[in-house]
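Asks: any chance you could fold what I've pasted below:
(one chain, ligands or ions: 1)
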Amino acid sequence: MDHNRRIGFILKPFVFVLCLVPFAILVARVVNNDLGANPIEAMQDHFGEWGLRFILMMLAVTPLRKLTGRVWIARFRRMLGLFAFFYVAVHFIIWLWLDRELRLADIIEDIFERPFITIGMAALTLLIAMALTSTAAIRRRLGKAWQRLHNSIYLVGVLAVWHYWWQVKKDITEPLVYAIILSVLLGYRMWLRWQTSKTKQAS
Ligand code: HEM
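Replies: Residues are numbered from 1 along each chain as shown. Below is the predicted model of the structure:
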């Protein structure tokens, strides 16, 4: 087993358990009746924020790999992506089930008449498509189309921050912090592309 595979193999279970910590924290808060005056909102916010954090962590994989030269970091991209999907899916299910109480008319009205929900749905739809096509076999079968679809994680990041920003009532500090982190990650990606095309032109 080569060095990168070995590190990936050893660290994967540890990172997996770490990714479940936000879920465990929420379960502990439910058990201890520690969700405050609006438990549904508290649960929804918790999962939404962690969904967004995992999307940003996924976007940070390539910059970290390039900057540190540690190739094994890339082995965690799929896991982080699937956890992003998991946390956003729970965020969505809480909205659907506990907030909208599965009332179809309310759900449709929200999706079409509250722009921040429309944007959230667009981001969720892309995440579902990525989760469904995340296996190595499907990746091989789809070829370039797979890469194009999975590049839309940047769009998911933009939609997710926009969704957060739009529903904030007064203090925009938190979505602003996420927007800055996202801009840095997108900026780095654009710089990498520019460097690659410059090298290609020169050769
Ligand atoms: C990639 C997809 C998504 C991400 C990353 C995301 C993330 C977030 C975040 C970070 C918040 C703010 C939490 C806070 O105030 O602390 C939020 C709020 C909210 N999201 Fe999402 N969301 C996504 C998709 C959706 C979808 C599909 C729906 C429903 C169709 C939805 C419904 C809501 C609602 C109703 C709130 C406001 C909750 C409240 O009243 O505090 N989100 N979301």
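Asks: centroid-nearest residue for the chain?
Replies: A centroid search over the chain (Cα atoms, centre = their mean) returns residue 55, at 2.3 Å, as the residue closest to the centre.
Asks: what's near enough to touch that one?
Replies: Contacts for residue 55 (Cβ atoms under 8 Å, 6 or more residues apart in numbering) come out as 84, 88, 153, 156, 157, 160. Quick note: C-beta positions are derived from backbone N, CA and C, even for glycine.
Asks: of those residues, which belong to strands?
Replies: Using DSSP state E, no member of the contacts of residue 55 falls within strands.
Asks: just put the residues you listed in a markdown table and tack on neighbour count.
Replies: A markdown table is the format used below for the contacts of residue 55 (neighbours: other Cβ atoms under 10 Å):
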| residue | neighbour count |
| --- | --- |
| 84 | 28 |
| 88 | 25 |
| 153 | 17 |
| 156 | 25 |
| 157 | 24 |
| 160 | 27 |
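Asks: which ones among those residues are found in helices?
Replies: 84, 88, 153, 156, 157, 160 (DSSP state H).
Asks: does the ligand sit close to the strand or helix carrying residue 187?
Replies: Taking DSSP states H and E as the criterion, the element that holds residue 187 is helix 173-202. No - Helix 173-202 stays clear of the ligand (Cβ under 6 Å from any ligand atom), getting no nearer than 6.8 Å.
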